[in-house]
Every structure is written in C-alpha cells, then in structure tokens.
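Asker: Here's a sequence, model it:
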Amino acid sequence: MADRIDVNPRLAEYVREVSLREDDILRELREETAMLPGGVAMQVPAEEGQFLALLAALVGARSVLEIGTFTGYSTLCLARALPTDGRLVTCDITDRWSSIGAGYWARAGILDRIDLRVGDARETLAKLRTEEGPDGFDLAFIDADKTGYPEYYELSLQLVRPGGLIVVDNTLFFGRVVDPAARDPDTEAIRELNARLHNDERVDVSMLAVADGITLLRRRA
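Answerer: This next block holds a predicted model:
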C-alpha cells in the first residue's frame with residue numbers, strides 16, 4: 001500500500017460528504033468570511049474546525065485558549081464543544097473581524113462562553129498568567145501571525161495544564177517550509193518552531209500533513 005494518498009478535489013469532496021457536519025450557522029459564517037480579502041486563506045477549513053471540536057471533547061476541555069480569532073469560525077467550533085459552564089478566551093490584535101463572528105456566536109447560543117481579548121497576544125497571555133496562574137487551560141489553539149509563533153508556543157505551554165493539548169496551525173505553511181528559496185520572516189518562524197518542537201522533551205508531538213499542516217502537542221506531566 002502507498003504510505004499516503006494524494007487528496008485530489010474529488011476525494012476531498014467525498015470526505016466532506018461522508019464526514020463533515022457543518023450546520024447553517026457555521027456554513028453562513030464560512031461563506032461570509034470567504035468574501036473578505038484573504039478570507040479563504042486565513043480561515044480554518046470546515047473539516048479542521050470540526051476536528052478541533054473533536055479534540056476539545058476528547059480532552060474533556062472546560063477551558064480553551066485561542067490565539068488568533070479572525071472572524072471566529074474556529075472560535076465557534078471550539079466553544080460549542082465546551083460544557084455550558086465552559087469558557088474560551090480568544091485573542092486578536094483587532095476586533096474588526098471578530099465583530100462579524102459575534103453575531104454567529106450569539107445565534108449559536110454560546111456567546112456567554114467566549115471572552116474576546118483585543119490587543120497584542122503576548123501581553124494578553126502574560127496578563128492571563130498573572131490573573132489565573134499557570135495550568136489554567138485544557139487546550140490552546142495557535143493560529144495567528146506566524147512570526148509570533150515561537151513566543152506564543154512558550155506562553156501557551158505555561159498556561160496549558162499537564163496532560164493538556166496545544167494545537168498549532170499552518171505548520172507546513174503552504175509547503176514553503178521545504179522550499180530553500182523561501183526566506184521570508186513567516187516561513188523562517190514556522191521552521192524555527194517546527195525544529196524546536198521536534199526536540200522539546202516537555203511535550204509529546206505529532207505533525208499531521210492535513211490542511212496546511214497541524215501539529216498536536218500534549219504537555220507532559
């Protein structure tokens with residue numbers, strides 16, 4: 001057997017047909033986001049959003065940290081996976097795009113679970129550690145500016161409990177990570193983080209070659 005199947009458009013559509021459970025609220029938010037400049041590239045695919053929700057359920061998450069909100073599709077997926085008294089803290093540099101998602105969060109009945117923090121994520125994460133101490137979150141999802149990834153990872157590692165999960169998006173970065181000609185700051189930051197994670201004994205690690213690359217990290221006790 002081949003070690004991996006090439007997922008062509010027809011096969012990808014089949015996967016959606018037999019696996020994706022995207023309701024009207026999610027679909028409408030995704031479609032509205034797709035009309036924005038860069039919206040398709042910046043939004044997580046619907047399949048990834050569903051995968052994130054499954055991960056949150058698998059770890060029994062009651063508290064989730066999200067770094068990078070955009071229009072809040074992944075926010076909605078993750079918040080729905082929480083119990084009614086759960087909470088999701090989501091960070092973004094601006095509320096320009098998250099204001100779009102807020103209406104969908106309200107329609108889904110999970111607005112009260114979401115705590116939007118606007119500003120530099122480094123400052124927000126440092127403030128969260130002061131406010132709540134370490135180990136306060138069950139799951140963290142990193143999907144923000146790529147040059148900030150190494151710092152976001154280190155700060156998230158302090159905030160996620162032992163046994164908790166960190167999910168890092170875009171770790172293959174459009175395939176640029178293996179292109180020696182790609183020397184831009186974003187690609188270099190992703191390469192730096194990937195190399196660091198491979199050797200980081202504080203976590204168990206698995207990179208998945210799906211979507212734009214997703215790396216799962218379980219914080220060791």
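
Asker: CA atoms for contacts and neighbours, from now on please.
Answerer: Will do.

Asker: Wait, Leu159 touches Glu131, no?
Answerer: No - the criterion here is Cα atoms under 8 Å, and Leu159 misses it with Glu131 at 11.0 Å.

Asker: The two: which has the busier surroundings?
Answerer: Applying other Cα atoms under 10 Å to Leu159 and Glu131 shows that Leu159 carries more neighbours, namely 24 against 10.

Asker: where's that one relative to Leu116, distance?
Answerer: From Leu159 over to Leu116 the distance is 17 Å, taken as Cα to Cα, to the nearest Å.

Asker: cool, Leu197 as well?
Answerer: With Cα to Cα as the criterion, Leu197 and Leu116 are 28 Å apart.

Asker: biggest strand in the chain, by residue count?
Answerer: strand 160-169 (DSSP state E).

Asker: which secondary structure elements does that one contact?
Answerer: Counting contacts by 3 or more Cα pairs under 8 Å, 6 or more residues apart in numbering; DSSP states H and E, strand 160-169 is packed against strand 137-142, strand 214-219.

Asker: Go ahead and flag the most central residue of this protein.
Answerer: The chain has Phe141 as the residue nearest its centroid, 3.7 Å off, counting by Cα atoms, centre = their mean.

Asker: Glu17 versus that one, what's the distance?
Answerer: 26 Å.

Asker: From Ala53, how far off is Thr75?
Answerer: 10 Å.

Asker: More neighbours: those two, which one.
Answerer: The neighbour count for Thr75 versus Ala53, taken as other Cα under 10 Å, is higher for Thr75 (29 against 20).

Asker: Could you export the lowest-mean-pLDDT helix or strand in the chain as CSV, CA atoms only?
Answerer: In the chain, no helix or strand scores lower on mean pLDDT, DSSP states H and E than helix 39-42, which sits at a mean of 88. This file holds the C-alpha atoms of helix 39-42, laid out as CSV (Å, rounded to 0.1, in the frame of the first residue of the first chain):
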residue,chain,number,x,y,z
GLY,A,39,-10.7,35.3,3.8
VAL,A,40,-10.4,31.8,2.4
ALA,A,41,-6.7,31.6,3.1
MET,A,42,-7.0,32.9,6.7
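
Asker: And the contacts of it?
Answerer: The contact list for helix 39-42 (Cα atoms under 8 Å, 6 or more residues apart in numbering) reads Thr33, Ala34, Phe70.

Asker: wait, what's in contact with the nearest residue to Arg202 once chain neighbours are set aside?
Answerer: Spatial nearest neighbour of Arg202, chain neighbours left out: Arg220 (5.6 Å); criterion: Cα to Cα, 6 or more residues apart in numbering. By Cα under 8 Å, 6+ apart, the residues touching Arg220 are Pro162, Gly163, Arg202, Val203, Asp204.
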